[in-house]
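Trainee: Okay, sequence plus prediction incoming.
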Amino acid sequence: MMRLRLRQKGYALATILVLLGVAMFGVGALVTISTLESKISRSQLESVTAYYVAEAGVEDAMWRINNTPAYSSALAGGTLNITYTTTNVPTTNQGYTVTMQSSVSMGAGYATITVVGTNNNGIFTSQRKVQATVFQGATTAPGGNLAFLSGGAFSMTGGSGSVSITGGDLFSNSPISFNSTSINMHGGNIKTPKAYSANSTTLTNVGGVYAQNCSPPPGNGCQTAPASQTPPAFDFASAQTNANTTYTPAQFQSFVQNSGSTVTIPGPITYISGNLSIGNWAKNKTLNITGELVIMGNVSVSSSTGNLVVNVADPGNGKSGIFVSGNISNSGGAWNINGVYYAASNMSFVTGQQFTLNGAFIAGGAISVNPGLTLTINYNVTPVNAVFSGGGQAQALQTDYWEEEY
């Protein structure tokens, strides 16, 4: 009996030891998992911090370009190639390395800013990279009669759309391509220092095509490629300072919604401080704009705008048009513009709308025209010269895109 009791006690002790071991293993596993999750969470937090440090580096680089004549001149001339590193910025144990380099593919006035941001928390170091393509335009109005001036590629594709240009040329710093469409130049020229292609396209009254793949030799309407031409910079800072009316995007939407079917925007400079998305709230509205409508951000116009009509008139000094610091994407409305239609970045016309412009289209980036658009341009040099005559003032420098990676 005594042996049986001792054997039972032995079994109980062994069981307790096994359970205790399992419990300790479980506690150890929980501590390990908790520690690991804490490290992952901390790593993510530090990584986000490093990203914002990198963003600060981009802003610093942009400030330096705008405020250092040597940098600005190098960017305009296509020779910018600078790398620098800061430490303990924005705060202790943070810093960034910045590389600013002119874009060979896009030409003068364009550069890539690459920033690696670093954040050291005393245990490990996190790094994030941010990359921005920036555009700094020329200080004066473009030379020649350029009804269409595109810093990036120009493309027009398919559908029932058509383009009619009177009194001016179509110029792109990058390749020009027409696919299954029609264009009437009324004696004007099509020009690019890059390649040109026209597939299943009706070209009418074209004075000449000047392109890289047309030379040598010139002939048969195909001429030697022209030199590149940097689109001019619109002075957004000056427009903000001198605006007689300033709206946030929400305030502008509310103003339009509550102004009846006809909305009057007297100008001469109306400034909107952010991205503007024009949708159903502008349906069946007529916007009569005098002077310059300046939008500091991206603009999108959806097809839900219905019978939207936008009229832009010259206030008497020639300074009129719509000026956007980012991208323009337009899918609706009837537009009658006396002035300049300008985007510092890309410009796209998607479908359905009608444009009549007495002035010029200018984009720092690419211009894309897709099905359904009827576009009539009567080139007018007066607003172009009036708007871009402020040489020596601060230049516009716009972020075209952001890209982040670990």
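Mentor: That came through fine. Residues are numbered from 1 along each chain as shown.
Trainee: Quote the end-to-end distance of stretch 265-281.
Mentor: Distance across stretch 265-281, first residue to last, is 17 Å (C-alpha to C-alpha, to the nearest Å).
Trainee: One more: stretch 345-359?
Mentor: First-to-last distance for stretch 345-359 - C-alpha to C-alpha - comes to 19 Å.
Trainee: mean confidence for that stretch?
Mentor: Mean per-residue pLDDT for stretch 345-359: 86.
Trainee: centre of the chain versus the helix or strand where Tyr71 lies, how much separation?
Mentor: Using DSSP states H and E, Tyr71 maps to helix 69-77. Between the centre of helix 69-77 and the centre of its host chain there is 21 Å, according to C-alpha atoms, centre = their mean, to the nearest Å.
Trainee: Please apply the same query to stretch 284-303.
Mentor: That offset, for stretch 284-303, works out to 17 Å (C-alpha atoms, centre = their mean).
Trainee: what about Val53, which SS state?
Mentor: Three-state call for Val53 (DSSP: H, G, I helix; E, B strand; the rest coil): helix.
Trainee: Can you verify my assumption that it contacts Val98?
Mentor: No - if you go by C-beta atoms under 8 Å, Val53 and Val98 don't touch, sitting 11.4 Å apart. The C-beta positions use only the backbone N, C-alpha and C, and glycine is treated the same way.
Trainee: higher neighbour count, those two?
Mentor: More crowded of Val53 and Val98, by other C-beta atoms under 10 Å: Val53, with 25 against 20.
Trainee: And the pLDDT for that one?
Mentor: 94.
Trainee: got the contact list for it?
Mentor: Pro90, Gln94, Gly95, Tyr96, Gly117, Thr118, Asn119, Arg128 (C-beta atoms under 8 Å, 6 or more residues apart in numbering).
Trainee: Run a quick neighbour tally on Tyr342.
Mentor: 30.
Trainee: Does it lie in a helix or a strand, and which?
Mentor: Element membership for Tyr342 (DSSP H and E) is strand 334-343.
Trainee: before we move on, what about Thr49?
Mentor: helix 2-67.
Trainee: Helices of the stretch 251-400 of the chain, start to end?
Mentor: Assigned by DSSP state H, counting those that start in this stretch, the stretch 251-400 of the chain shows helices spanning 381-387.
Trainee: Distance from stretch 116-127 to the middle of the chain?
Mentor: The chain centre lies 30 Å from the centre of stretch 116-127; the measure is C-alpha atoms, centre = their mean.
Trainee: Stretch 360-367 now?
Mentor: For stretch 360-367, the separation from the chain centroid amounts to 12 Å (computed by C-alpha atoms, centre = their mean).
Trainee: quick one, what contacts Val89?
Mentor: Residues near Val89 by C-beta under 8 Å, 6+ apart: Ala56, Gly95, Tyr96.
Trainee: and it, that one's in a helix?
Mentor: No - under three-state DSSP, Val89 sits outside any helix and is assigned coil.
Trainee: Which residue ranges make up the domains of this structure?
Mentor: If you go by automatic domain parsing, the domain ranges for the chain are 1-139+395-406, 146-390.
Trainee: Mean pLDDT lowest where, among those domains?
Mentor: When the domains of the chain are compared on mean pLDDT, domain 1-139+395-406 scores lowest, with a mean of 76.
Trainee: How about the contacts made by the closest residue to Ala386 other than its chain neighbours?
Mentor: In space, and not counting its chain neighbours, Ala386 is closest to Gly318: 3.2 Å by C-beta to C-beta, 6 or more residues apart in numbering. By C-beta under 8 Å, 6+ apart, the contact list for Gly318 reads Thr382, Pro383, Asn385, Ala386, Val387.
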